[in-house]
Every structure is written in structure tokens, then in C-alpha cells.
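In: The following block contains a protein sequence and its predicted model.
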Amino acid sequence: MRMAVMGSGSWGTAYAMVLADAGNEVLLWGRHPDLAETITTTHENPRYHPGIRLPESLRATADAAEALTDAEVVVLAVPAQSLRDNLAAWADVLPRDAILVSLMKGIEVGTTLRMSQVAAQVSGIDPGRVAVVSGPNLAREIAEQQPAATTVACSDPAIAERLADASTTAYFRPYWSTDVVGTEIGGSVKNVIALANGMAVGMDYGENAQSALITRGLAEMTRLGVALGASPLTFLGLAGIGDLVATCQSPLSRNRSFGERLGRGLSIEDATAQATQTCEGVKSCSSILALAQRTGVDLPITEQVVQVVHHGLDPREMLASFMGRALKPEADVR
């Protein structure tokens with residue numbers, strides 16, 4: 001299949017590598033002409049994956065029109081909050097019959113739309129042709145060809161299965177699903193929980209505290225997803241608990257690392273200055289909370305993360321507030 005991967009960051013490059021290794025014709029787009037030239041000529045992305053050899057067949061370009069021409073599949077791998085502007089800029093060259101695939105894990109600020117909804121709205125492409133990829137996908141490990149699995153979701157099962165087949169390699173195993181809502185909610189909320197867990201790590205809290213945060217975080221994402229029409233089983237799979245554990249526990253996770261800096265006492269400004277990549281949880285936590293409030297779903301961890309990230313609450317006060325909540329049954333779905 002002819003595929004354009006729009007975004008040459010860490011995950012975009014790793015997934016482009018997967019697609020090329022799976023036998024597809026892949027052209028990777030990035031903003032910087034010098035990086036695109038380096039990827040094409042040296043088969044390495046030194047900015048995001050230094051020392052990793054990329055497939056010989058993988059090429060890169062800084063020309064969006066070149067990348068998109070005749071593409072059967074367009075993979076969207078830009079920062080979540082920039083998707084709308086990027087798609088608007090590509091409107092004249094985006095193939096109308098393409099399948100769109102979102103790698104992004106966030107909720108749009110202002111609209112509270114999921115990324116697949118933004119993609120369909122701005123592009124005008126049928127929502128049934130918009131798919132999402134989400135799971136425990138730490139990009140560096142995948143670029144190193146360490147074994148990994150993921151969820152490929154599309155409301156059209158034929159497209160979901162086709163994309164899963166096109167993404168299958170010896171080191172990367174997709175499972176397909178039709179639950180787009182659940183897959184996206186899991187991928188978005190886990191970033192916020194990882195921020196909270198990183199704060200706990202930064203404050204030297206142990207495994208009990210971290211386990212509790214992860215488990216209650218799973219409850220939060222499940223409540224929100226089910227309220228929006230997702231299957232609860234999705235959150236017991238790769239796009240739910242799988243991604244949540246990887247993002248909360250791995251030092252490769254940018255959201256966990258950002259939270260850890262806050263837990264050690266850094267300000268939001270200093271933590272942001274030390275971050276080398278976009279932390280989607282920081283950008284999306286307020287829109288996730290707004291979506292939950294609009295839906296009537298209680299997200300106590302998310303609410304406290306918003307207070308820390310956007311309103312200056314001390315992380316220690318966040319944990320104290322969470323621990324001081326009124327007692328309730330564990331299975332309470334409110």
C-alpha cells in the first residue's frame with residue numbers, strides 16, 4: 001500500500017518503520033528539510049532515534065504535497081493540538097479517497113473532540129474511513145524492534161483488519177477493533193494518569209501508591225469511555241490497561257517523566273523547558289475534564305492533575321486531596 005506518514009517525530013518515525021518493514025511504500029513527512037534529507041540519505045532520524053537504522057525503502061520529505069500524492073493511507077502523527085491547523089493546510093492535496101489513521105492521543109482543547117472526530121470534520125472524509133492506532137507503544141522500543149502489540153480500531157471492520165495486516169511485522173503485532181471511542185479515550189486519559197503517577201514517583205511514593213493510582217486511573221478512563229458509548233472490554237485490552245501500565249511505569253514515557261519533574265518540585269515552566277517532546281497529557285487534561293463534566297462523569301485524578309498543571313496546586317496537596325475523598329464502594333460507576 002502507498003502510505004504517507006505525516007509527522008517525523010518519535011512515534012511517527014517508529015510507525016513509519018513498522019509500515020515499511022511490513023512491505024508498504026512509505027513516505028515520511030516532516031517540517032524540517034534538513035532532517036528529511038538526513039532520513040532519506042542516511043536512513044536514520046538522529047533527532048528522535050539516534051543510532052537506529054531505518055529501512056532502506058523508507059524515504060522522507062518536507063513537501064506535504066509530495067507525501068500525500070496518491071497516498072492510499074494517510075497516517076497522522078503530529079501533536080494532537082496542531083491537527084486541525086495541519087489538516088486545514090493540507091486540504092488541497094489530501095486524497096479524498098484515502099484512509100486516515102490517527103496516532104495521536106489527546107482531546108482537542110476548546111471542542112473536546114477526539115482526534116478521529118477532528119480528522120473527519122476538517123478533512124470531510126467519511127468517519128468510517130478514519131482509524132486509530134493506540135496501545136503500549138513506547139516508540140524507542142519499537143524502533144529497536146523489541147516485541148510490541150497494539151490496537152487498530154475503525155468503525156468499518158474491513159478497514160480495521162486491512163490496516164492491522166498492513167502493520168504486521170515480526171516485532172509488531174496489531175489486534176483490530178471497531179471500538180474507536182474506547183481506543184481513543186484509553187489513549188488520551190492514560191497520559192493524564194501517567195502525569196499523576198510521575199508526580200508520585202517524583203515524591204518518592206512507593207509501589208502501593210503507584211498501583212492505586214494506576215488502578216483508579218483505569219476506573220476513570222472506563223467510566224468516561226462507557227458513558228461515551230465505548231465497550232468496557234476495550235479498557236481491559238491493549239488500548240486500556242496495556243497502554244496505561246506502559247505509560248505510567250516506563251521512564252521512556254514523556255508524560256510520566258514530566259510528572260516526575262513536577263513531583264521533585266520543578267515548576268511547570270521548568271518542567272516544560274526540560275521536555276524534549278510534546279507531553280499530550282499536559283495539553284489535553286483540561287479538555288478531558290471538560291468532556292467528563294459535560295458527560296456527567298467524575299474523574300477525580302484528572303481533576304487534581306488539572307489543578308496542578310493549570311492552577312498551581314502543589315503535587316503533595318493533589319495526593320492529599322485524592323486520599324481525603326469520601327469513602328465509596330470500589331465498583332461505584334459514578
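Out: Yep, it's here. Numbers count the residues shown, from 1 in each chain.
In: Next, work out how far apart the spatially most central residue of the chain and residue 115 are.
Out: With distances taken as Cα atoms, centre = their mean, residue 105 lies nearest the centre of the chain, 2.8 Å away. Look at residue 105 and residue 115: by Cβ to Cβ, to the nearest Å, they are 8 Å apart. C-beta: built from backbone N, CA, C; applies to glycine.
In: any residues in contact with both of these two?
Out: Common neighbours of residue 105 and residue 115 (criterion: Cβ atoms under 8 Å, 6 or more residues apart in numbering): 80, 184.
In: OK, contacts around residue 62?
Out: 29, 30, 31, 32, 33, 35, 36.
In: cool, residue 123 as well?
Out: Residue 123 neighbours (Cβ under 8 Å, 6+ apart): 87, 91, 94, 100.
In: The last one: neighbour count?
Out: If I follow you right, that is residue 100. Other residues lying near residue 100 total 25 when counted by other Cβ atoms under 10 Å.
In: Model confidence score at residue 185, please.
Out: Predicted confidence (pLDDT) for residue 185: 98.
In: same question, residue 130
Out: Per-residue confidence (pLDDT) for residue 130: 98.
In: Kindly report the same for residue 324.
Out: 67.
In: Distance of residue 140 relative to residue 214?
Out: For residue 140, the distance to residue 214 - Cβ to Cβ - is 21 Å.
In: More neighbours: which of those two?
Out: Between residue 140 and residue 214, residue 214 has the larger neighbour count (other Cβ under 10 Å), namely 21 against 15.
In: next structured bit after the helix or strand containing the more buried one?
Out: For residue 214, the element it lies in under DSSP states H and E is helix 207-227. Moving toward the C-terminus from helix 207-227, the next helix or strand (DSSP H and E) is helix 243-249.
In: can you list contacts of that next one?
Out: With contacts defined as Cβ under 8 Å, 6+ apart, helix 243-249 is touched by 134-138, 186-187, 190-191, 193-194, 197-198, 210, 213-214, 217-218, 221, 253, 255-256.
In: so how far is that helix off the chain centroid?
Out: Helix 243-249 sits 12 Å away from the centroid of its parent chain (Cα atoms, centre = their mean, to the nearest Å).
In: helices and strands around the helix or strand containing residue 41, which ones?
Out: Using DSSP H and E, residue 41 falls within helix 33-42. Identification of packing neighbours for helix 33-42 by 3 or more Cβ pairs under 8 Å, 6 or more residues apart in numbering; DSSP states H and E yields strand 25-29, strand 59-61.
In: Let's see that with 10 Å instead.
Out: Using 3 or more Cβ pairs under 10 Å, 6 or more residues apart in numbering; DSSP states H and E, the elements in contact with helix 33-42 are helix 10-21, strand 25-29, strand 59-61.
In: Those: which one's closest to residue 124?
Out: Within the helices and strands packed on helix 33-42, the stretch nearest residue 124 is strand 25-29; the backing value is 20.2 Å (Cβ to Cβ).
In: on that earlier part again, so which bits of the helix holding residue 214 are buried?
Out: 209-210, 213-214, 217-227 (16 or more other Cβ atoms under 10 Å).
In: Repeat that for stretch 117-132.
Out: Buried-residue list, stretch 117-132, by 16+ other Cβ under 10 Å: 117, 118, 119, 120, 121, 122, 123, 125, 129, 130, 131, 132.
In: can you check stretch 74-89 too?
Out: In stretch 74-89, counting by 16+ other Cβ under 10 Å, buried: 74, 75, 76, 77, 78, 79, 80, 81, 83, 84, 86, 87.
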